[in-house]
Structures are given as C-alpha cells and as structure tokens.
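# from the sequence below, what's the structure:
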Amino acid sequence: MSIKILADSASDLSKHYYNEFNIEMVPLTVHLDGKDYQDGQTIDPKTVYNAMRDGKTPKTSQVSPQLFKGVFTKYAEANVPLIYIAFSSELSGTYQTAKMMELEVREDYPDAPIHIIDSRCASIGCGLVAIHAAKLAKNGSSVEEIIKAASYQAEHMEHIFTVDNLEYLYRGGRVSKTAAFVGTLLKIKPLLHVEDGKLIPLEKIRGSKKVLHRMVEVMEERGTDFQNQTIGISHGDDPEKAELLASMISDKFGVKKDDIVIDIVGAAVGSHAGPGTIALFFSNKPVK
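Numbers count the residues shown, from 1 in each chain. As a prediction, this is how the structure comes out:
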C-alpha cells in the first residue's frame, strides 16, 4: 500500500521538490495589504520581501482547520496511510490544529491511518525531514519505519541562521527594540539556532562576512558525516549569499553541490525573518 507524505508551506520547499518526491503541501496564510494569501500558492516570497523593504509588516496565520479536515478525510476515505511532517508547535499553532482535525475525522473514520509528527523544525529543516520520509515511502518502508526515521532526523536537525536586519525579529518579538537599534547601528549580525522547537539566540557577530565563516565553524562543531546526508540552505531573497555558503561548505567538507538543497525562505516564514536571512540545516548525527 502506498504511503503519502504531507508537509506544510513552512517547510519552504519549492514545487520542484513536492513534485519530485510526491509530497502533498498545505499552505499557511499570509496577510498583506488587507488581503489573505495562501503561502506558496497565491503569493510568492519576493512579493513579501519587497513589501517588507518598503516598510510593510505582513502577518501570518496557521493552516486552516477546514483545509486539514479536507485532506485528512480524503485519505481516510481511501484508507491510504498519511504521515504529516508538521511545522514546529513552538512556532505555530498549525500542529495543534492538525491534531484537532485528526480527532474530528476519526469520529467518522476511527481507523483512519493518519499520523502527525511535530517536527519541532522550521523552514528547510522541516523540508529535509519530509523529503527523507518521502524517499523511504517510495522505497517501500513501512509506516512505523518512516515515523521512526523521520522523528530521529527531526530530533537531530540543526538550524543555524542569521538575519540581515534585527528590526524584523523585533517586530516578531524575538529581540528588544533597544537590541534591534544597537545591533543595526553597530552592524551586529545575530546568530540563532532552534532548540526544542524554539528560536534561541546563539551569538552576536560584527560584520556579514564573518557570520558565514562562523556558521561553517558551528557546523563543524555540531555536525558529522556530512558527505552522507543532505544539507539545506534557505535564504531571504539573497541567492548569491546562499550559493557562497554552499561553496564554503563544499570546499570545507567535500560535500557535493547536488547534496545541498538551496531554496528561498517562503512567504510565511519570511514574513518573520525578513529579507537577507541565511539559514543552514544539517543533521548532527548520521541519519540511518
């Protein structure tokens, strides 16, 4: 029996990856200029980044309950196993909404083969887990095997990232107004990571050139077996910097460029991180 992998748009995978690995996607909502848009479907990231550069503040909301219920019902009726790799519950209410809709669907389909994993990951960190699960599904792994492997990878997924302007983190409540002002004035680049599904400040670095080198250093400190895993890099409308980071990683660790997934941070996640964001994702232990 085929197994379907579901992800949400906060995984920041482009349509290419959804199509290649047969992953279904449900979108978060982006609110901009008094209108609602579906992330990855009716609004593109560049529109959001340009709006933010013009001083606008887009808002976001979780995947709608109705959308979840429709997708879950579809697979329950067909009795097709569905594994949903959800955006971190610490960063969005999407996971909780999915669990509520799962309970509603089970009222009519008590044996529905629906499985929801709180990845506690964000952006391509979540996307890499979904891709790994999809590969296992394609190769005939069981539901139990996929859940175990995906949960393991999610638990060991490192997120190391920086933002170009602390103002966006301030708007999202991640740093104080004073820190944002001083950081911008002194050209301080914050280095952050994800711990237990939450965004946590890691270091403060002066200068954009130094921050990429420090990201590679942190990768060396925390990671291992880079040639046998897929590395992820996402960017806030700055592909040149993302490619530079990929080249640094390739030169340092001998990783093939084909084993590095590079994609733009989507409209929903980008609404909080802002243009110029650079994020690096890798496993800190070999994924088996």
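# for residue 151, give me phi and psi.
Main-chain torsions, residue 151, degrees, to the nearest 10: phi -70, psi -40.
# next one: residue 128
Main-chain dihedrals, residue 128, degrees, to the nearest 10: phi -60, psi -40.
# pLDDT wise, what is it at?
Residue 128 carries a pLDDT score of 97 in this model.
# quick one: it from residue 109, how far?
31 Å (Cβ to Cβ, to the nearest Å). Placement of C-beta: from N, CA and C, glycine included.
# more neighbours: the two, which one.
Taking other Cβ atoms under 10 Å, residue 128 and residue 109 do not tie; residue 128 has more neighbours (28 against 15).
# grab the nearest non-local neighbour of that one.
Closest residue to residue 128 apart from its sequence neighbours, by Cβ to Cβ, 6 or more residues apart in numbering: residue 232 at 5.0 Å.
# pairing partners for the one you found in the sheet, please.
Note on residue 232: beta-bridge partners by DSSP bridges are residue 261, residue 281.
# separation between it and residue 99?
26 Å.
# give me the nearest residue to residue 126, chain neighbours excluded.
According to Cβ to Cβ, 6+ apart, the nearest residue to residue 126 is residue 11 (4.3 Å).
# give me the neighbour count for that neighbour.
30.
# show me how this structure divides into domains.
4-28+63-155, 157-283 (automatic domain parsing).
# which stretch among those domains comes nearest residue 53?
Minimum separation from residue 53 across the domains of the chain (Cβ to Cβ) falls at domain 157-283, 6.1 Å.
# now do the end-to-end distance for that closest one.
Taking Cα to Cα, to the nearest Å as the measure, domain 157-283 stretches 5 Å from start to finish.
# so what's the spatially most central residue of the chain up against?
Nearest to the geometric centre of the chain sits residue 123, at 1.3 Å (Cα atoms, centre = their mean). Listed by Cβ atoms under 8 Å, 6 or more residues apart in numbering, the contact set of residue 123 reads 10, 11, 12, 159, 232, 234, 265, 266, 269, 279, 281.
# what's the neighbour count on the residue lying closest to it once chain neighbours are set aside?
Distances taken as Cβ to Cβ, 6+ apart put residue 12 closest to residue 123, at 4.4 Å, once the chain neighbours are dropped. The tally of other residues near residue 12 (other Cβ under 10 Å) stands at 32.
# what's the neighbour count on residue 108?
So residue 108, with other Cβ under 10 Å, has 10 neighbours.
# now do the phi/psi pair for it.
Dihedral angles (degrees, to the nearest 10) for residue 108: phi -100, psi -30.
# roughly how far apart are it and residue 40?
Distance from residue 108 to residue 40, by Cβ to Cβ: 29 Å.
# same thing with residue 194?
On the measure of Cβ to Cβ, residue 194 and residue 40 end up 21 Å apart.
# with residue 262 instead?
From residue 262 to residue 40 the distance is 17 Å (Cβ to Cβ).
# higher neighbour count, these two?
Between residue 262 and residue 40, counting by other Cβ under 10 Å, residue 40 is the more crowded of the two (25 against 17).
# I'm done for today, thanks for sticking with me.
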